[in-house]
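>>> Here is a sequence together with a model predicted from it:
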Amino acid sequence: MPGKIKIIITSDASQLVAKGAQIFCKTAKETIALTSNAHNKAEALEMIAEWGQELAMGKAHTTVERAYQVRGLIEAGRTTNNDQLLNIDDVGTILGSINAARLFLGNRINQARAEEVFTGFYEGTVNISGLQISSPPVGLFKAPFEQEKPELFLRYPTTPFPPMAGGDYGIAPVFAASVTWDDAQWTADQYNFDTAGAMHAANEMIWFHNDEVNGFPEIGN
C-alpha cells in the first residue's frame, strides 16, 4: 500500500509535484487492481482523490509540467470515476485552452482536429446539455448587419427563450452551475448558479472572437 506523502506546491517544485502525482496515481491504481481488501481499496481511492485535488490547484509553468499535470489528473479521474462532472469554471477552462491552441499553435497541432474537438465539446456541454439555460431572440442582441450568418452561429435552436426556460417568470440567459456526463450525453444542473465561474466562462467565450476582442495582448520585451 503506498504511503501518504504531504506535498507543498511551489513554483520551483511544480514539475516534481506533477510528476510525483502521476507516479502516485499509477501506483495506487495498480494497488487497487491487485488488492482484494475493501478497506485498502477505499483508502487508496481516497488518497488518489486528495492528490488529484492538490494537483488540480497546482500551477504548471512549462509544457512538460502541464503534460505531467494532465496525465496525473486523467489517472485520478479514471481511477476514482470522478471525471464525469464539470463545473462551469471547468468548461470555461477547457474551451479557453482549445481556443488558445487554435489561435496560436498553428501547424504545430492538427488544426482541423482541434476545430472538431472544440465544436463538438461546445455543442455537447453548452448547447445540448442546457448549460446555456436560455437565450433571447437574435434580434435583441445582434444588429441587422450581424445577422448574416446562419442563426445556429448566434443561438442554438433547442435553447429556450428566457420566458419559457422554467419557473413562473422564466430564467435569464445565464449559465448553469455544472454539467454531468452519463455515458451518453451531458446534462446541466440548472438549479444552481456559480457567479465567478459563469463570469470566467463568459470571458473565455468572448475571446473566441479574437479578431474583435483580443484577450491575449502582446507584452514587449
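Ah, there it is. Every value quoted in this text rests on a predicted model; they were computed, and no experiment measured them. Residues are numbered from 1 along each chain as shown.
>>> Could you point out the helix or strand that follows the lowest-mean-pLDDT helix or strand in the chain?
Of all helical and strand segments in the chain, the minimum by mean pLDDT, DSSP states H and E falls on helix 14-34, at a mean of 62. Downstream of helix 14-34, the first helix or strand assigned by DSSP states H and E is helix 38-57.
>>> Buried residues in that following helix, which are they?
41, 43-45, 47-48, 51-52, 54-55 (16 or more other CB atoms under 10 Å). The way it works is simple: take the backbone N, C-alpha and C, and place the C-beta from them, glycine included.
>>> ok, so of the residues you listed, who is nearest residue 173?
residue 52 (33.3 Å; CB to CB).
>>> Check that closest one and give its pLDDT.
For residue 52, the model assigns a pLDDT of 73.
>>> if I look at it, how far off is residue 88?
20 Å (CB to CB, to the nearest Å).
>>> packing partners for the one helix or strand residue 204 maps to?
Per DSSP H and E, residue 204 falls inside helix 195-206. Using 3 or more CB pairs under 8 Å, 6 or more residues apart in numbering; DSSP states H and E, the elements in contact with helix 195-206 are helix 88-104.
>>> What residues of the helix it packs on count as buried?
Neighbour-count burial for helix 88-104 [16+ other CB under 10 Å]: 88-96, 98-99, 101-103.
>>> ditto for stretch 61-71
In stretch 61-71, counting by 16+ other CB under 10 Å, buried: 65-66, 68-69, 71.
>>> how near is residue 189 to residue 126?
14 Å.
>>> Would you agree residue 75 falls within a strand?
No - per DSSP: H, G, I helix; E, B strand; the rest coil, residue 75 lies outside any strand segment and is helix.
>>> Below-threshold pLDDT in this protein: ranges please.
Along the chain, segments meeting pLDDT under 70 span 1-34, 56-57, 63, 66-67, 82-83, 210-213, 215, 220-221.
>>> Is residue 94 in contact with residue 87, as I believe?
No - counting by CB atoms under 8 Å, residue 87 is not a contact partner of residue 94; they are 11.0 Å apart.
>>> quick revisit: nearest to residue 166, of the buried residues of stretch 61-71?
Nearest to residue 166 among the buried residues of stretch 61-71, counting by CB to CB, is residue 69 at 37.8 Å.
>>> So residue 114, which state does it fall into?
Residue 114 ends up helix, using three-state DSSP.
>>> for residue 173, same thing?
coil.
>>> Just send the buried residues of helix 88-104 back as CSV, with distance to residue 78 too.
CSV is the format used below for those (distance: CB to CB, whole Å):
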residue, distance to residue 78
88, 23
89, 21
90, 16
91, 20
92, 23
93, 19
94, 17
95, 22
96, 24
98, 21
99, 26
101, 23
102, 27
103, 30
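>>> quick one: the strand or helix carrying residue 64 to chain centroid distance?
According to DSSP H and E, residue 64 maps onto helix 63-80. When C-alpha coordinates are averaged (CA atoms, centre = their mean, to the nearest Å), helix 63-80 and its chain have centres 14 Å apart.
>>> Next, the angle helix 88-104 makes with it.
Counting by axes from the mean of the first three to the mean of the last three CA atoms, to 10 degrees, helix 63-80 lies at 140 degrees to helix 88-104.
>>> Only C-alpha atoms, please: export helix 63-80 in PDB.
In PDB, the C-alpha atoms belonging to helix 63-80 read as follows (Å, rounded to 0.1, in the frame of the first residue of the first chain):
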ATOM      1  CA  THR A  63       4.700  22.400 -21.400                       C
ATOM      2  CA  VAL A  64       6.300  19.400 -19.600                       C
ATOM      3  CA  GLU A  65       4.800  20.400 -16.300                       C
ATOM      4  CA  ARG A  66       1.400  20.800 -17.900                       C
ATOM      5  CA  ALA A  67       1.700  17.300 -19.500                       C
ATOM      6  CA  TYR A  68       2.600  15.700 -16.200                       C
ATOM      7  CA  GLN A  69      -0.400  17.600 -14.600                       C
ATOM      8  CA  VAL A  70      -2.800  16.400 -17.200                       C
ATOM      9  CA  ARG A  71      -1.500  12.900 -17.100                       C
ATOM     10  CA  GLY A  72      -1.900  12.700 -13.400                       C
ATOM     11  CA  LEU A  73      -5.400  14.200 -13.400                       C
ATOM     12  CA  ILE A  74      -6.600  11.800 -16.100                       C
ATOM     13  CA  GLU A  75      -5.400   8.900 -13.900                       C
ATOM     14  CA  ALA A  76      -7.000  10.300 -10.800                       C
ATOM     15  CA  GLY A  77     -10.300  10.800 -12.700                       C
ATOM     16  CA  ARG A  78     -10.200   7.400 -14.300                       C
ATOM     17  CA  THR A  79      -9.500   5.600 -11.000                       C
ATOM     18  CA  THR A  80     -12.000   7.500  -8.800                       C
END
